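**Q** Could you work out the structure for the sequence below:
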Amino acid sequence: MTIALDRPEETPDMRTDTPNHPTGAKLLGTAINLAEKRVEECIHDVDEWGGMEVFYSPVTGGLQNSNWRIDVAGDPIAYFLKVPGEGTEDFIDRGNSHVAALRAGNLGISPRIVHFDAASGVEVIEFLEGYRACTNADMKKWSITESVLDLQNQFHTIDPLPVTKTIFDLIDEHLAQAKEHNVPLPGFISALLREYTDAGKSFEASGLDIVPCHNDPMPGNFLIKDGEPMKLVDFEFSSNNERSYDLAVTFTEYFYDEPTIIRCVEEVYGAATRDVLSRCFVASALADLKWGLWGCINHELNTNWDFDYHKYGVWKLARARDRMADRRWGSWLHAL
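**A** Sure thing, here's the model as predicted:
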């Protein structure tokens, strides 16, 4: 499936003999390394750019994917091109993430998609001029947190996604991958899995509140610009999931203290009742278990990425252990 570019009708004042592109951008046809050759292949796959003068430049911040800014001579719109990293297909359903991105774009909370190749997973969206990715420092500002929670709440209202993967499905999938690839895990994993089993029974007894969830609230997935609404990007891990998980993985990612967590719960649910708080605290431990396993698996499968996945994974698992060792853990499970 390929979606064609939907550019506005051209007028004479849109065209320019001097393309508006970043300093140092490469002209299509001048690639000298594998990454540049790959992005040029992707550019050639966009039929509407055929025969046009195209410039490309790298965009920093991608962990697993290769990200690029694309400028086309005569086109007033810049584009953002994402090239999936090798091996990411083991964790990502590209068709599902595309549907999530389309629906978020239609809702106005994400940039508009202008091209998607289902075979390769290559995606092109509008480049948001003047926007920047959030940082962990940004997330210490309550106004930023409110915007994050609002975007997630809006995303929860879209039609159900093609893929349903609850936090328990995600963890079970990673456990199967770890077994298949003989991934070494820390010795305390058995204790984590005992508590994980109990958490599953408690959630099953209370019932799951399934909604479309983004599932990946790393700060870089939220884009901001002064005077403009925040935008949400990168839907690769999206699925229909337990509502409390989207909130829990968020405050876990941002290292919020307990008073801030309670404030977040009040913002999303209207009140920080004992049962809702318990769901969120248990889900936060599950979030660390999921991403800890993910990190350990990636360490084994992808040795060419400049990131210490093993350290990340073990640290996440250790934090899950700390949460499960909280003296309130049993009462949280009971309150679900």
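**Q** domain ranges for the protein?
**A** 12-127, 133-335 (automatic domain parsing).
**Q** Least confident of those domains, on average?
**A** Mean pLDDT is lowest for domain 12-127 among the domains of the chain, at a mean of 81.
**Q** winner for burial among the domains of the chain?
**A** Neighbour counts averaged per stretch over the domains of the chain are highest for domain 133-335, at a mean of 18; criterion: mean count of other Cβ atoms under 10 Å. (Each C-beta comes from the backbone N, C-alpha and C, glycine too.)
**Q** Can you give me the end-to-end span of that one?
**A** 37 Å (Cα to Cα, to the nearest Å).
**Q** centroid residue for this structure?
**A** residue 216 (3.9 Å; Cα atoms, centre = their mean).
**Q** Return the residues in contact with that residue.
**A** Each residue near residue 216 by Cβ atoms under 8 Å, 6 or more residues apart in numbering is listed here: 234, 236, 237, 238, 249.
**Q** Regarding it, what is its secondary structure?
**A** coil (DSSP: H, G, I helix; E, B strand; the rest coil).
**Q** Over to residue 237?
**A** Going by three-state DSSP: residue 237 is coil.
**Q** Just want the phi and psi numbers for the nearest residue to residue 66 once chain neighbours are set aside.
**A** Among residues not flanking residue 66 along the chain, residue 83 sits closest, at 4.2 Å (Cβ to Cβ, 6 or more residues apart in numbering). Dihedral pair for residue 83: phi -110, psi 110, per degrees, to the nearest 10.
**Q** that older thread, in CSV, list the contacts of residue 216 along with distance to residue 105.
**A** As requested, those are exported to CSV (distance: Cβ to Cβ, whole Å):
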residue, distance to residue 105
234, 13
236, 15
237, 17
238, 13
249, 23
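**Q** what packs against the helix or strand hosting residue 69?
**A** Assigned by DSSP states H and E, residue 69 belongs to strand 66-72. Counting contacts by 3 or more Cβ pairs under 8 Å, 6 or more residues apart in numbering; DSSP states H and E, strand 66-72 is packed against helix 34-44, strand 54-58, strand 79-83.
**Q** Show me where the stretch 151-300 of the chain has its helices.
**A** Counting by DSSP state H, counting those that start in this stretch, the stretch 151-300 of the chain has helices at residues 167-180, 189-206, 243-253, 258-269, 274-301.
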